[in-house]
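Undergrad: what follows is a protein structure lacking sequence information:
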DNA sequence: ACAGAATAGTTAAGCGCGTTAACCTTTGGG
DNA sequence: CCCAAAGGTTAACGCGCTTAACTATTCTGT
């Protein structure tokens, strides 16, 4: 007496996607991407700021604050901690004496590279368990999702 | 003189995946899933605990702690805050007088439903911008990735 | 040229989440 | 019957985040 199988509705797909996203956060993102960061001396927020400064050398604290949508004092504090550990320095801008240009030290740059390398390796190990076809699907699917989210905003 | 195009290596794919994951967190996960939670009176940790108790009525604080891999005092504290807001109650277990069984109040249950509904709607809106084919790819890709991550552990 | 607004940043106070350490009560096993 | 294990709370502390208040510098409009 098999009831006719109806195709999944948008709502069904959304429910399934919600589950998958939670699974991804808990079983892929956290353990694969951030285990190494915690082993080294960085927590999530500090690592994010480190990466941003690596990609934007000489940026301002306010740039970082805007990028992560947090307030300036929050960044100021994280920068303090990273500076205490000698992973970055505040350098002065001769053109604008209010500004503090942020730059990684050699140690900070090395740490950021090491951390990103570990993340890429972790993901590569994950992808290595998939067929080439599945890998294409993974990337295509995520790309479509992120594109849609970006268009939304 | 077009150089021959070589297929992407595992490492290339991993780099691309890392970018996509960050994009997903910043442009899909945070705004779509958690905007509503913050508008209502819950932050991330509180919402997680609320959802867990909804799915496991009568569970122990230690169950929640195990599920999220945090310590018991952390949960005890979050439960305090949720109880202050009357979203849950600690009920006693006649069989084990040490235990505090956690249950949502009607208000807590309604809030959890409302929040999950908002999350599903947000994702449905996102998926609605994709073709049926793209939707299948999104779900299949994420499923493959999460499965691989789960097998890993 | 100068007063006032905007910008860049810090400091202080306060909340929430996370930790470890110390403690209490209850349960269960030898 | 005693002692270890389990469930939980409290206290103290670190970190990230917020708002409010403040300094210093730069920009702008008249």
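TA: Done, it's in. Since the model is a prediction, treat every value here as computed from it, not as a measurement.
Undergrad: ok, the residue of chain A found nearest chain B to residue A:151 distance?
TA: Using Cβ to the nearest Cβ, the single residue of chain A nearest to chain B is residue A:141, 2.7 Å away. For every residue, glycine as well, the C-beta is placed using N, CA and C. Using Cβ to Cβ, to the nearest Å, residue A:141 is found at 16 Å from residue A:151.
Undergrad: which one of those two has more residues nearby?
TA: The neighbour count for residue A:141 versus residue A:151, taken as other Cβ atoms under 10 Å in any protein chain shown, is higher for residue A:141 (25 against 10).
Undergrad: can you map out the helices along chain A?
TA: Assigned by DSSP state H, chain A shows helices spanning A:10-24, A:35-39, A:44-55, A:61-68, A:72-84, A:106-127, A:132-152.
Undergrad: residue A:54 contacts residue A:112, correct?
TA: Yes - counting by Cβ atoms under 8 Å, residue A:112 is a contact partner of residue A:54 at 4.5 Å.
Undergrad: what lies in contact with the helix or strand bottoming out on mean pLDDT in chain A?
TA: Ranked by mean pLDDT, DSSP states H and E, the weakest helix or strand in chain A is helix A:35-39, scoring a mean of 79. With contact meaning Cβ atoms under 8 Å, 6 or more residues apart in numbering or on different chains, helix A:35-39 is reached by A:43, A:44, A:47, A:115, A:118, A:119, A:122.
Undergrad: identify each buried residue in that helix, please.
TA: Judged by neighbour count (16 or more other Cβ atoms under 10 Å in any protein chain shown), helix A:35-39 contains these buried residues: A:36, A:37.
Undergrad: do it and DNA strand D meet at all?
TA: No - judged by Cβ under 7 Å from any atom of the strand, helix A:35-39 and DNA strand D are separated, with a smallest distance of 11.1 Å.
Undergrad: that helix close to DNA strand C?
TA: No - Helix A:35-39 lies out of reach of DNA strand C by Cβ under 7 Å from any atom of the strand, never closer than 10.6 Å.
Undergrad: quick one: pLDDT of the nearest residue to residue A:28 once chain neighbours are set aside?
TA: Nearest residue to residue A:28, sequence neighbours excluded (Cβ to Cβ, 6 or more residues apart in numbering or on different chains): residue B:149, at 4.0 Å. On pLDDT, residue B:149 comes in at 91.
Undergrad: run a quick check on residue A:59 versus residue A:101, I expect a contact.
TA: Yes - using Cβ under 8 Å, residue A:59 is in contact with residue A:101, at 7.3 Å.
Undergrad: before we move on, the earlier item: pipe the contacts of helix A:35-39 into TSV and attach neighbour count and distance to residue B:128 per row.
TA: Formatted as TSV, the contacts of helix A:35-39 follow (neighbours: other Cβ atoms under 10 Å in any protein chain shown; distance: Cβ to Cβ, whole Å):
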residue	neighbour count	distance to residue B:128
A:43	12	37
A:44	12	32
A:47	23	34
A:115	21	37
A:118	18	37
A:119	25	32
A:122	21	33
